[in-house]
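Visitor: The following comprises the amino acid sequence and a computationally predicted model.
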Amino acid sequence: MSTPPQEPEGQGQPGWDQPAQPVPQPHQYDHPYGQPQAPHLYGHPPAGHVPPNSPQRPGPYASHPQWPGPYAQGPYAQMPAPVPQPRVQPLPDPKDRYSRGVWRQPDSRPGRFLWWDLLPVVPYLVLVVGVSLVSLMLFSPAEEISLTPEEARLEFLISGLTFGALTVLILAVAGKALWRSLVVFTHHALAWLKLFLIPGLWVAIVGVNVLLMALVMALTGAEQDVSANQAGIEAMLQAAPFWAALLVLGLLAPLVEEYIFRHLLIGKLSRHLNIWFCAVISVVPFAFLHVSSELFAGDLQAVLMTVVPYLTMSIVFTLAYIFSGRSLLFVWLLHAFNNCMAVTLQYWLAPLLEDLEGIEPYGVILAAARALAGPLGLL
């Protein structure tokens, strides 16, 4: 009996005559669950792979049109640098029409009136203004300015203690407003150049005062006179050391006056009234308060000859406060620079020119020096 022929091994099974298919291996970019995976740091994405944060890939990981992701312009593109923004951006006050600034300057937000804002005002009116008015009622202006060295030293000491106490009160109630007013120097990279405006404005004050005084003397035919306020300050400067005069008359007194006449009468009052109307309210009392002796004496010519420097100075300070974004710091620095220069000239320049007063060519220089040291109205 013959045996049937044996079939080759593998025959009889489906596809036995087809080549064996390789077993698929997982790709390094394939997710275990079939989703694409982010490319390796040093590898290359497979063909057709779309990164998750690509603009062409919709979904929650798509790139924002203004902030493209790292794959917006290629597999390793970097995110563009953000646009630089101002370092300080005070929020506008919806109830303050000027809180967005004047003349494109950032506003310092003086705020609204509060009851403790009057804490420095009441002692100023009582100790400075009230005592001056009472002394004018009891004594004539000529008797008031004739101070002995001991009286001048005592008056300077009282003035120093008064302005020192008022400065402490102002820093307590308006320290935050003073700090916010620093925005005038920090709102962009070159804002600190405004510091050079301070000596420039002082030179403008001096030049305008010299021209106006020359015009007034030409029209009236009278000689330049020194106000009783200025004469009293000069007497105190002769009895006080230079550093003390710079501290009291150059730094403390300007802060007190700018807080009252600019920060309150313009900055906070402008929430309720037009800012230019507030400017008039600030300019007129500031100027005529420093010639109160001449007003009480009733000498209109003396008032005209003495009020011009203070009026010019008050107008420049007021405009500087408004156009700097109601910055208490800026106008304080401007006022302090003016007073420090006046004290310096009074101490070092005036004694050198006293011997030249009788010589005709140097009389103009002496008049100019007096005009420089004239706007030292503080008390």
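Guide: Cool, got the structure. Numbering: from 1, shown residues only.
Visitor: Let me know the distance separating L133 from V316.
Guide: Per C-beta to C-beta, to the nearest Å, L133 is found 27 Å from V316. For glycine as for every other residue, the C-beta is placed from the backbone atoms N, C-alpha and C.
Visitor: ugh, wrong one, I meant L157
Guide: Using C-beta to C-beta, we find L157 at a distance of 31 Å from V316.
Visitor: L133 and V316: who's more crowded?
Guide: Higher neighbour count among L133 and V316: V316, with 21 against 13, using other C-beta atoms under 10 Å.
Visitor: check contacts around the more buried one.
Guide: V316 makes contact with L201, A204, I205, L334 under the criterion C-beta atoms under 8 Å, 6 or more residues apart in numbering.
Visitor: by contact count, what packs against the helix or strand hosting the first one?
Guide: Secondary structure assigned from DSSP states H and E places L201 in helix 197-220. Helices and strands touching helix 197-220, by 3 or more C-beta pairs under 8 Å, 6 or more residues apart in numbering; DSSP states H and E, are helix 300-323, helix 328-344, helix 360-373.
Visitor: Out of those helices, which is the most enclosed?
Guide: Mean neighbour count (mean count of other C-beta atoms under 10 Å) peaks for helix 328-344 among these, with a mean of 23.
Visitor: what residue ranges in the stretch 251-379 of the chain score low on pLDDT?
Guide: Scanning the stretch 251-379 of the chain with the threshold set as pLDDT under 70 gives 350-379.
Visitor: Recalculate using a threshold of 90.
Guide: 287-309, 342-379 (pLDDT under 90).
Visitor: Show me the contact partners of stretch 276-295.
Guide: 129, 132-133, 136, 141, 144-145, 227-229, 257, 261-262, 265-266, 269-270, 302-303, 306-307, 310-311, 313-315, 317-319, 322, 377.
Visitor: Tell me where the stretch 1-150 of the chain is predicted with low confidence.
Guide: Those would be 1-106, 111, 123, 125-150, if you go by pLDDT under 90 across the stretch 1-150 of the chain.
Visitor: Could you rerun that using 50?
Guide: The model of the stretch 1-150 of the chain has pLDDT under 50 over residues 28-29, 35, 37, 39-40, 61-64, 66-67, 69-72, 76-77, 142-144.
Visitor: For V122, see how far away S181 is.
Guide: S181 is 24 Å from V122, where distance means C-beta to C-beta.
Visitor: Mind checking which of these two has more residues around it?
Guide: S181 (27 against 10).
Visitor: you'd agree the more buried one is up against F330?
Guide: Yes - with contact defined as C-beta atoms under 8 Å, S181 counts as touching F330 (6.8 Å).
Visitor: Run a quick neighbour tally on W115.
Guide: Residues lying near W115 (other C-beta under 10 Å) number 7.
Visitor: what's the answer for the one 4 residues further on, then?
Guide: Using other C-beta under 10 Å, L119 has 15 neighbouring residues.
Visitor: Please tell me I have it right and it contacts L169.
Guide: Yes - look at L119 against L169 with C-beta under 8 Å: they come within range, at 5.1 Å.
Visitor: quick check: angle from the longest helix anywhere in the chain to helix 328-344?
Guide: What stands out as the longest helix in the chain, according to DSSP state H, is helix 149-180. Angle of helix 149-180 versus helix 328-344, following axes from the mean of the first three to the mean of the last three C-alpha atoms, to 10 degrees, is 150 degrees.
Visitor: Show me what helix 149-180 is packed up against.
Guide: helix 121-123, helix 228-239, helix 242-245, helix 253-258, helix 328-344.
Visitor: I'd like to know which of those is closest to L195.
Guide: Taking C-beta to C-beta, helix 328-344 is the member of the helices and strands packed on helix 149-180 nearest to L195, at 7.9 Å.
Visitor: tell me what that closest one is packed against?
Guide: Applying 3+ C-beta pairs under 8 Å, 6+ apart, one finds that helix 328-344 makes contact with helix 149-180, helix 197-220, helix 253-258, helix 300-323, helix 360-373.
Visitor: got the buried residues for the first one?
Guide: Going by neighbour count (16 or more other C-beta atoms under 10 Å), the buried part of helix 149-180 is 152-153, 155-156, 159-160, 162-163, 166-167, 169-170, 173-174, 177-178, 180.
Visitor: Hey, what's the angle from that helix to helix 228-239? Just curious.
Guide: Interaxial angle, helix 149-180 versus helix 228-239 (the same axes, to 10 degrees): 100 degrees.
Visitor: buried ones in the helix holding L201?
Guide: Result for helix 197-220 [16+ other C-beta under 10 Å]: buried residues I198, L201, W202, I205, V206, V208, N209, V210, M213, V216.
Visitor: Tell me what angle that helix forms with helix 300-323.
Guide: Put simply, helix 197-220 runs at 150 degrees to helix 300-323, going by the same axes, to 10 degrees.
Visitor: Just to be sure, P92 is in a helix?
Guide: No - applying DSSP: H, G, I helix; E, B strand; the rest coil, one finds P92 to be coil, outside a helix.
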